[in-house]
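K.L.:
Generate coordinates for the sequence data below:
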Amino acid sequence: MSAAGRIARLRGQGRWDEAASLADDPLLRAELLTEQAMFARSAAARAAADVELDRAEARLELERGRGLHAQFLIDRAGEDPRELAHFEAALAAARRAADPLLEGRARFWIGLVHQVVRDDDATAVPHLEAAYAAARAHDDPPLAAYAIRHLAFAWEKAGRLDDAWRGYVESAALRRTQRFWPGVAAGLLAMAEAADRRGRVPEARRLLGRAKTAARRSGVGALLDRVTAAEQHLRARA
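P.N.:
Residues are numbered from 1 along each chain as shown. Below you'll find the predicted structure:
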């Protein structure tokens, strides 16, 4: 029986809390728990439903902010102040839900705004560190890969080159483990650019070759174009 079928069966038997435990969607969990509160007159279910609604709100605010960040990357125009506002609202909702992993995700995106949009690593780094700690504590490899990658950018700018290299390597390895090929390609490209900045040109060439393979595997043409442009830039300086 599918998960949806099991949820429907448990719901029909008035076993709402068991049904909610099988649901991935916080809105569905809230719906089930609210139904339990109404039929069973359960104050505990009513309170639990509010927590799930806070989780849903946090996720919605994160996606609204992420959409605005994607638009920033497309346009490279000025900052849209709604982006940070959405991520801060997501953080507040995650804290109301007492969900440390969701809080870590919100902290990551707040850090990203400060780092990428505002070029303010001093403000960004504590958020990125908190995100990385949450990812490691709650076994979220995608969040860990993003957080350590952006910490590496900050460390490199601060002259902590060995720490930065370790961060780039860890991020790419995490993404390879997940078979997230766009992320692998972007990670290898960052490593190649870092190697080039450190005068390690043969290593940069090797990494760009691996990045091209991953970009082709990902099927993302724009990413392949970025890797190809980096290769051409390296050849032009040879």
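K.L.:
which residue sits closest to residue 144 in space, ignoring its chain neighbours?
P.N.:
Excluding the flanking residues, the one nearest residue 144 by CB to CB, 6 or more residues apart in numbering is residue 135, at 3.7 Å. (Each C-beta comes from the backbone N, C-alpha and C, glycine too.)
K.L.:
Just the pLDDT for that neighbour.
P.N.:
With respect to pLDDT, residue 135 scores 98.
K.L.:
Could you do residue 211 as well?
P.N.:
Per-residue confidence (pLDDT) for residue 211: 94.
K.L.:
again with residue 238
P.N.:
Per the predicted model, pLDDT is 64 at residue 238.
K.L.:
One more: residue 7?
P.N.:
The model's pLDDT for residue 7 equals 95.
K.L.:
residues near residue 119, how many?
P.N.:
Neighbour count for residue 119, taken as other CB atoms under 10 Å: 9.
K.L.:
which helices and strands does the helix or strand encompassing residue 164 pack with?
P.N.:
Assigned by DSSP states H and E, residue 164 belongs to helix 161-178. Helices and strands touching helix 161-178, by 3 or more CB pairs under 8 Å, 6 or more residues apart in numbering; DSSP states H and E, are helix 141-157, helix 181-197.
K.L.:
angle of the last one against helix 161-178?
P.N.:
Same thing as helix 181-197. 160 degrees (axes from the mean of the first three to the mean of the last three CA atoms, to 10 degrees).
K.L.:
again with the first one
P.N.:
Counting by the same axes, to 10 degrees, helix 141-157 lies at 160 degrees to helix 161-178.
K.L.:
number of nearby residues for the residue nearest to residue 144?
P.N.:
When neighbours are counted by other CB under 10 Å, residue 135 comes out with 23.
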